[in-house]
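J.: pasting the sequence and the predicted model now:
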Amino acid sequence: MNWDQVELNPRIIAAVRRAKLKSVREVLCISDPDLQRLTGLSHSDVKQLLIVASTACRRHPPTPVILLHHRGESSLRLSVGCPVLDQLLRGGLPVGGVTELSGESGVGKTQLALQLCLSVQYPTEYGGLNSGAVYICTEDSFPVRRLQQLIQEQSTVRSDAPQDLISNLQFSDHVYIEHAADLDSLQVCLSQRVPLLLARGLVRLLVVDSVAALFRSEFQASDWLQRNKQLLTFCSALHHLSREFNTPVLCINQVTDVFSGSDDSLGPHSSNVSPALGLVWANQVMVRLMMRRLQGMIFHGDQSSAPRRLEVVFAPHLAQDGRDAGIWREGVQGVSS
Ligand SMILES: Nc1ncnc2c1ncn2[C@@H]1O[C@H](COP(=O)(O)OP(=O)(O)OP(=O)(O)O)[C@@H](O)[C@H]1O
């Protein structure tokens with residue numbers, strides 16, 4: 001959306017153009033003091049600019065968090081975009097709290113996270129939260145092409161939603177990608193940019209892909225005390241964001257090998273791997289999910305996939321259970337039994 005499409009005082013529009021802020025959405029991602037500095041506008045002009053920009057960009061104005069609580073939104077769930085997996089999760093991810101998704105490399109964690117970035121954009125009656133997603137990549141680059149493919153497949157996979165609704169959702173405009181290659185940049189991202197996107201109602205899902213990568217690369221085994229302190233600071237930032245904005249937080253985590261094979265805390269389907277980062281991290285997570293690759297092959301039309309299993313390891317409101325799934329062009333879809 002550009003400046004010709006909004007009704008705003010021409011003096012303010014001239015100032016944003018001089019500051020080379022081309023799109024209306026761009027100003028929403030900049031803090032108030034930075035906007036004042038860039039445009040030379042007064043505090044009240046910047047406020048007016050932000051009100052007009054956020055009204056123009058949002059499909060639905062954000063509801064203040066206090067009202068959401070009154071309406072009993074604590075039982076709201078974010079659908080994962082598949083009825084079989086939603087059934088396992090009793091509707092999807094809880095909006096307040098941190099969910100961890102762990103699993104081996106290539107098992108499909110990122111695929112599920114991308115699917116959630118689209119699902120969050122649907123209205124609540126279709127399992128979404130009427131808003132966008134912010135996706136923090138710590139290791140790999142963001143899989144833009146795969147996201148585009150999933151967007152193209154929405155009309156096939158989301159037959160529950162009206163087709164005109166799907167074609168009107170500008171999915172790729174509402175996924176905000178951040179890169180944090182070290183803990184300092186992650187901290188800056190979580191304390192500055194993410195709260196801004198949440199406060200302006202532009203996003204209502206935070207994905208961190210992946211957590212263990214940063215903590216593993218920055219600390220040696222002997223630095224465990226320092227590492228645990230940093231881990232707790234990071235967890236408390238996530239909890240704060242989740243609570244304050246009533247927003248689901250999804251953290252992707254790798255797994256480490258377990259040599260004893262007798263770790264009961266992993267649940268009935270535990271085998272030879274355990275989520276990385278240990279107990280300090282596990283105590284901060286509300287829902288722990290694990291994805292595993294199973295033996296064999298499953299088929300769907302002209303496609304084939306190695307079967308996966310999504311398991312609930314622990315969650316206060318869920319039974320320890322699992323569902324088999326395949327990864328297709330359309331995304332991760334559970335297999336009905
Ligand atoms: N377009 C596609 N069609 C079908 N399956 C796909 C497609 N793209 C990816 N996949 C499947 O997803 C797998 C990769 O999943 P994903 O990138 O989510 O792994 P991950 O668990 O995040 O791994 P890592 O921890 O290494 O990032 C591929 O091995 C493939 O099986």
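T.: That came through fine. Keep in mind that what you see is a predicted model, and the values were worked out from it rather than measured.
J.: elements contacting the top helix by length along the chain?
T.: Secondary structure assigned by DSSP state H gives helix 224-244 as the longest helix of the chain. Applying 3 or more C-beta pairs under 8 Å, 6 or more residues apart in numbering; DSSP states H and E, one finds that helix 224-244 contacts strand 97-103, helix 183-188, helix 194-199, strand 203-209, helix 211-218, strand 248-253, helix 278-282. Any C-beta I mention is one placed from the backbone N, CA and C, and that applies to glycine too.
J.: contacting residues around it?
T.: 65, 95-98, 183, 186-187, 190-191, 194-195, 198, 206, 208, 211, 215, 218-219, 247-249, 251, 277, 280-281, 284 (C-beta atoms under 8 Å, 6 or more residues apart in numbering).
J.: drop anything exposed from these.
T.: 65, 95-98, 183, 186, 190, 194-195, 198, 206, 208, 211, 215, 219, 247-249, 251, 277, 281, 284 (16 or more other C-beta atoms under 10 Å).
J.: can you name the residue of the stretch 201-337 of the chain nearest the ligand?
T.: For the stretch 201-337 of the chain and the ligand, the shortest gap (C-beta to the nearest ligand atom) falls at residue 327, measuring 4.1 Å.
J.: touching, residue 284 and residue 98? I think so.
T.: Yes - using C-beta atoms under 8 Å, residue 284 is in contact with residue 98, at 6.6 Å.
J.: neighbours of residue 168, how many?
T.: 9 (other C-beta atoms under 10 Å).
J.: that one: what's it in contact with?
T.: With C-beta under 8 Å, 6+ apart, residue 168 has no contacts at all.
J.: looks to me like residue 52 is in a helix.
T.: Yes - counting by DSSP: H, G, I helix; E, B strand; the rest coil, residue 52 is part of a helix.
J.: so who does it touch?
T.: Residue 52 touches 6-8, counting by C-beta under 8 Å, 6+ apart.
J.: follow-up on the earlier one: pull up the pairing partners for the helix or strand where the residue of the stretch 201-337 of the chain closest to the ligand lies, direction included.
T.: Counting by DSSP states H and E, the element that carries residue 327 is strand 322-328. Under the criterion DSSP bridges, strand 322-328 sits next to strand 308-314 (antiparallel), strand 331-334 (antiparallel) in its sheet.
J.: got the contact list for the first one?
T.: Outside strand 308-314, the residues that touch it by C-beta under 8 Å, 6+ apart are 85, 88-89, 107-108, 112, 265-267, 269-270, 275, 287-294, 318-327, 332, 334.
J.: same thing with the last one?
T.: Strand 331-334 is contacted by residues 80-85, 87-88, 108, 111-112, 114-115, 150, 153, 157, 300, 308, 310, 323-326 when judged by C-beta under 8 Å, 6+ apart.
J.: the residue of the stretch 201-337 of the chain closest to the ligand: how many residues sit nearby?
T.: Neighbours of residue 327 (other C-beta under 10 Å): 21.
J.: what of residue 241?
T.: Residues near residue 241, counting by other C-beta under 10 Å: 19.
J.: pLDDT averaged over stretch 25-40 - what is it?
T.: Averaged over stretch 25-40, pLDDT sits at 88.
J.: how far out from the middle of the chain is that stretch?
T.: 25 Å (C-alpha atoms, centre = their mean, to the nearest Å).
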